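Participant: show me how the following folds:
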Amino acid sequence: MGSRRATRLGLRVVALLYVGILVLVPLVVGTWKTVRPGPAAFWSAISSQQAVTAFRLTAEIALASVALNAVFGVGLALLITRYRFPGRRLLSALADVPLSVSPIVVGLALVLVYGPVDGWFGSTLDDAGIKIIFSLPGMILATTFVSFPLVLREVVPVLAEEGIEQEQAARVLGASAWQRFARITLPIIRPALLYGIVLSLARSIGEYGAVLVVSGNVSGEDQTQTVPLLVGERVQQLEPGAFQLAFLLIVVTVLVIVLVFLRRREGEAKHAEPPAVVPDDLVLSADPASSALALNSVASNNVASNNVASNNVAASDVALEKGGLR
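Facilitator: Model (predicted):
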C-alpha cells in the first residue's frame with residue numbers, strides 16, 4: 001500500500017512539474033513583464049493605430065474562419081458518419097492533413113495556387129479584380145485551412161456513437177431533412193460543436209506561420225498585419241508593447257474557453273438522467289404471488305424492448321450500407 005501511494009504521489013509531482021514548466025512559468029513571466037511597466041505603457045501598447053488595426057484584422061479573420069469551419073466541419077462530419085461511399089476513409093484521412101502539415105508549407109501552397117504572378121488561378125483572378133494573396137481573403141483561407149479539423153474531429157465521434165435510429169424514426173414520421181437536423185442532430189452535437197468552435201477560435205487567433213506567408217506582413221497603409229505578426233515584429237526589433245499585446249490575446253482566449261466550459265458543464269448537469277424510480281408494480285406487497293406476477297411482467301417488457309433495439313440496430317446497418325439517410 002505504501003509503495004502504491006508513493007508511486008501516485010511521484011506521478012502527480014511529475015505531472016505538476018511538466019505543466020508548470022511548459023505552461024505556468026511562461027504565463028507568470030509574461031504576466032510580470034506585462035504589468036511591470038505600468039498601466040500607462042499597457043494602454044499605449046494596445047491603443048496605438050497599428051495595434052487597433054491588428055486587433056480588428058485578427059477578429060475578422062478568426063470569426064470568418066470559425067464560421068466556415070463550423071458549417072463545413074458539421075457537413076463533412078455528417079457525410080462521413082451517415083453515408084457509405086467509395087473513398088470515405090480516404091476523405092476522412094485527408095481532413096487531418098492540416099494537422100500534420102507545417103503552416104509555412106500551407107502558406108506557400110496557397111501562394112503557388114493563388115499568387116498574382118505565377119499562381120495557377122492568381123493571374124486570372126487578379127485580372128478580374130479579385131485579390132487573394134497579400135489581402136484579407138488569403139489570410140482567411142489560410143487560417144481556415146489550418147484550423148479545419150478541430151471542429152470535425154469533435155463532432156464525428158458523437159455522431160458515430162449516437163447512430164441514426166432517432167433520425168430514421170423522424171423521417172418515417174414525415175420530418176424533413178432540415179427538421180431532423182435542427183431538432184435531433186444539432187441538440188446531440190451541440191456540446192461537441194461548441195468545444196470544437198472554441199478550439200478553432202483559439203487556433204485562428206494565434207495563427208502565425210501561414211498568415212505570415214500569405215499576408216506579406218505589411219504595416220501602415222493597407223495593413224495586413226495581425227496581432228501575432230505584430231508581436232513577432234516588435235520582439236524581433238526590440239520594440240516595447242509585445243508582451244502587452246500577447247497578454248491580451250491570452251486573456252481573450254482563456255475567457256472564451258472558461259465560458260464555454262462552464263456552459264458545457266451546465267448543459268451536462270441539466271440533461272443528467274434523473275434517479276431511477278421504482279414502479280408501483282414492483283413495490284413489495286403482502287401477496288407474494290402478486291409480486292412475482294409483476295416481476296415477470298416487467299421482465300417480459302424488457303425482453304421485448306431489447307428485441308426492438310436489436311431490430312433498430314440491424315435496420316441502421318442496412319440503411320448505411322444502402323447509402324445512409326436521404
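
Participant: and the helix or strand harbouring V211, how far out from the chain's middle?
Facilitator: Following DSSP states H and E, the helix or strand that holds V211 is helix 209-215. For helix 209-215, the separation from the chain centroid amounts to 22 Å (computed by CA atoms, centre = their mean, to the nearest Å).

Participant: helices and strands around it, which ones?
Facilitator: helix 103-114, helix 136-162, helix 227-236 (3 or more CB pairs under 8 Å, 6 or more residues apart in numbering; DSSP states H and E). All C-beta atoms are positioned from the backbone trio N, CA, C, and that covers glycine.

Participant: which parts of the longest one count as buried, going by neighbours?
Facilitator: With burial defined by 16 or more other CB atoms under 10 Å, the residues of helix 136-162 counted as buried are 138-156, 158-159.

Participant: show me what it is packed up against.
Facilitator: helix 49-82, helix 97-100, helix 103-114, helix 186-205, helix 209-215.

Participant: for the fourth one, packing partners?
Facilitator: Of the remaining helices and strands, those touching helix 186-205 by 3+ CB pairs under 8 Å, 6+ apart are helix 49-82, helix 136-162, helix 242-270.

Participant: with the second one instead?
Facilitator: Under the contact definition 3+ CB pairs under 8 Å, 6+ apart, helix 97-100 sits against helix 136-162.

Participant: what mean pLDDT does the helix it packs on get?
Facilitator: Taken as a whole, helix 136-162 carries a mean pLDDT of 91.

Participant: where does pLDDT dip in this protein?
Facilitator: In the prediction, the chain carries residues with pLDDT under 70 at positions 1-2, 266-326.

Participant: most centrally placed residue in it?
Facilitator: G196 (1.5 Å; CA atoms, centre = their mean).

Participant: help me confirm that it comes into contact with V151.
Facilitator: Yes: between G196 and V151 a contact is recorded at 3.6 Å, counting by CB atoms under 8 Å.

Participant: overlap in contacts, the two.
Facilitator: N69, A70, G73 (CB atoms under 8 Å, 6 or more residues apart in numbering).

Participant: ok, the last one - contacts?
Facilitator: To tie it back to what came earlier, the one meant is G73. G73 sits next to F148, L150, V151, L152, V155, G196 when contact means CB under 8 Å, 6+ apart.

Participant: same deal with the first one?
Facilitator: Contacts were defined as CB under 8 Å, 6+ apart; by that measure N69 touches T144, S147, F148, L150, V151, G196, I197, S200.

Participant: nearest to D126 among those residues?
Facilitator: Set against D126, the nearest of those by CB to CB is T144 (21.2 Å).

Participant: what about V74, distance to R89?
Facilitator: Distance of V74 to R89, computed by CB to CB, to the nearest Å: 20 Å.

Participant: of the two, who's got more company?
Facilitator: The residue with more neighbours, out of V74 and R89, is V74; 22 against 9, by other CB atoms under 10 Å.

Participant: what's the nearest residue to the more buried one if we skip its chain neighbours?
Facilitator: Excluding its sequence neighbours, the residue lying closest to V74 (CB to CB, 6 or more residues apart in numbering) is V155, at 5.9 Å.

Participant: next one: V198
Facilitator: Among residues not flanking V198 along the chain, V260 sits closest, at 4.7 Å (CB to CB, 6+ apart).

Participant: the one you found touches L194, doesn't it?
Facilitator: Yes: in this structure, V260 is within contact of L194 by CB under 8 Å, at 5.4 Å.

Participant: what sits against the residue nearest to the centre of the chain?
Facilitator: Residues in contact with G196, defined by CB under 8 Å, 6+ apart, are N69, A70, G73, L150, V151, L152, R153, E154, V155.

Participant: same question, L76
Facilitator: By CB under 8 Å, 6+ apart, the neighbours of L76 are L91, A95, L152.

Participant: how near is it to A95?
Facilitator: According to CB to CB, L76 stands 6 Å off from A95.

Participant: what number of residues lie near the residue nearest to F134 when sequence neighbours are not counted?
Facilitator: Among residues not flanking F134 along the chain, G216 sits closest, at 4.4 Å (CB to CB, 6+ apart). Using other CB under 10 Å, G216 has 18 neighbouring residues.
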